[in-house]
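# Dropping a prediction and its sequence here:
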Amino acid sequence: MSSSKGSLRGYIITRLILVIPMVFILLTLVFLLMRVAPGNPILAALGGHLSPAQLAVRERIGGYDKSLIVQYGEYLKQVVTGHLGTTLTDHRPITQVIAQNGAATLELTVAAMFVALIVGVPLGMLAGRRRDSWLDTGARVFGIVIYAAPVFFLGLLAQLLFGHILNWLPTSSESGVLVQANLTPHTNILIIDAMIDGQWGDIPDLLAHLVLPAATLGLVISGVILRLVRVNVIQAMKGDYIEAARARGLKERSVVVRHAFRNALVPIVTVTGLQAALLLSGAVLTEETFNWPGIGSELIFYLEARDYIAVQGIITVFALAVVAISLLIDLINAWIDPRVRY
């Protein structure tokens, strides 16, 4: 009987099993961290606005008059059933907040990662291929400077240059007022909703609003990807298989792209996936700078309102998203490089 060790199916099953304790630990940490502060979310958000009797009623309805163990069990039940409660501030179901504002953050994240990849990967490959040349030096300086620059500062410069001086692009919001009013929220991702409704004339406006925030965030992340691609291509170019490929008469471009870059993909995919997870949960400054209606802006609003029920629900979804992306990264790496499975 052949052993399943090293098989892709066995690796997938093992990773799926390991996800269960990882999710359990993350959910436990989220629950405990949200209860480090004294009192309870009802008192923190509504204290001073309601009478003691009204606060007691709200605490009883929310289950905060129960023991910590009972609250923890109810929290896990909410996560499993997908009902994360209702915000205290504006009485919206938290799942609705995630669906509406999270879709805008997802749209921004995907667009930013696209920018980061089309800038960082080619520059990194060129720099790695032409090590110590002027091109390599320029790419390294660009990567360091662009990553070190505060994203909100780059955003303000982009707004000033392309929005106010050149007047090429809109500087805030996700779309024009009339465009958003005419769209049916099928997915809450406006570009997809416009395609579903057949509103093709609205897509240029939606793309124009997306360009500046996506480019700003994507360029910052491209600095990380550029340096990572460069280092791994340089290491891969030292391998014996590269010399063998050259000895077979392959063109240098084919050697770099098909051999060196492919063998350097595992760390590149890992870091790129982790950057996507960070973008999904941490594009707060970009959303604030460009008035982008994403989940980061909503999280700041609920934090300022001390609406810890909403904050707990949003952070829970963030944690689950990070776990899902980490799992996806591991599976892609196992598919690319069989050595990962052992």
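Structure's in. What do you need? Numbers count the residues shown, from 1 in each chain.
# So residue 302 is in contact with residue 313, correct?
No. At 9.1 Å, residue 302 does not count as touching residue 313 under the criterion of C-beta atoms under 8 Å. Every residue, glycine included, has its C-beta placed from N, CA and C.
# Of these two, which one has the most company?
residue 313 (27 against 24; other C-beta atoms under 10 Å).
# OK, contacts around the more buried one?
84-85, 94-95, 97-98 (C-beta atoms under 8 Å, 6 or more residues apart in numbering).
# what comes up buried for the helix or strand hosting residue 215?
Using DSSP states H and E, residue 215 falls within helix 203-237. Buried residues in helix 203-237, counted by 16 or more other C-beta atoms under 10 Å: 205-206, 209-234, 236-237.
# pLDDT on it, on average?
Helix 203-237 carries an average pLDDT of 87.
# Ok, stretch 139-157 next?
88.
# Could I get the buried residue list for that stretch?
Quick answer for stretch 139-157 (16+ other C-beta under 10 Å): 139-140, 142-143, 146-147, 151, 154-155.
# Report the contact partners of residue 107.
174, 189-191, 210 are the contacts of residue 107 under C-beta under 8 Å, 6+ apart.
# Distance check, it against residue 121.
22 Å (C-beta to C-beta, to the nearest Å).
# Over to residue 25?
34 Å.
# In the stretch 201-342 of the chain, where is pLDDT below threshold?
241-242, 245, 257-260, 262-264, 266, 281-282, 337-342 (pLDDT under 70).
# Tell me which entries of the contacts of residue 107 lie within helices.
190-191, 210 (DSSP state H).
# Now render those residues as JSON lines, adding distance to residue 115.
Formatted as JSON lines, the ones in helices among the contacts of residue 107 follow (distance: C-beta to C-beta, whole Å):
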{"residue": "190", "distance to residue 115": "18"}
{"residue": "191", "distance to residue 115": "15"}
{"residue": "210", "distance to residue 115": "10"}
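# closest to residue 160 among those residues?
Residue 160 lies nearest to residue 210 out of these, by C-beta to C-beta, at 18.6 Å.
# Can you tell me the element the closest residue to the closest one other than its chain neighbours falls in?
Of all residues not flanking residue 210 in the chain, residue 111 sits nearest, at 5.5 Å (C-beta to C-beta, 6 or more residues apart in numbering). Using DSSP H and E, residue 111 sits in helix 94-129.
# just how off-centre is the next helix or strand after that helix within its chain?
Downstream of helix 94-129, the first helix or strand assigned by DSSP H and E is helix 134-148. Relative to the chain's own centre, helix 134-148 is displaced by 24 Å; criterion: C-alpha atoms, centre = their mean, to the nearest Å.
# Export helix 134-148 to PDB, keeping only CA atoms.
C-alpha atoms of helix 134-148 as PDB (Å, rounded to 0.1, in the frame of the first residue of the first chain):
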ATOM      1  CA  TRP A 134      22.000  50.900 -12.200                       C
ATOM      2  CA  LEU A 135      18.600  49.200 -12.800                       C
ATOM      3  CA  ASP A 136      19.000  47.100  -9.700                       C
ATOM      4  CA  THR A 137      20.100  50.100  -7.600                       C
ATOM      5  CA  GLY A 138      17.200  52.200  -8.800                       C
ATOM      6  CA  ALA A 139      14.700  49.400  -8.100                       C
ATOM      7  CA  ARG A 140      16.100  48.900  -4.600                       C
ATOM      8  CA  VAL A 141      15.900  52.600  -3.800                       C
ATOM      9  CA  PHE A 142      12.400  52.700  -5.100                       C
ATOM     10  CA  GLY A 143      11.300  49.700  -3.000                       C
ATOM     11  CA  ILE A 144      12.800  51.100   0.200                       C
ATOM     12  CA  VAL A 145      11.400  54.700  -0.300                       C
ATOM     13  CA  ILE A 146       8.000  53.700  -1.400                       C
ATOM     14  CA  TYR A 147       7.500  51.200   1.500                       C
ATOM     15  CA  ALA A 148       8.800  53.600   4.100                       C
END
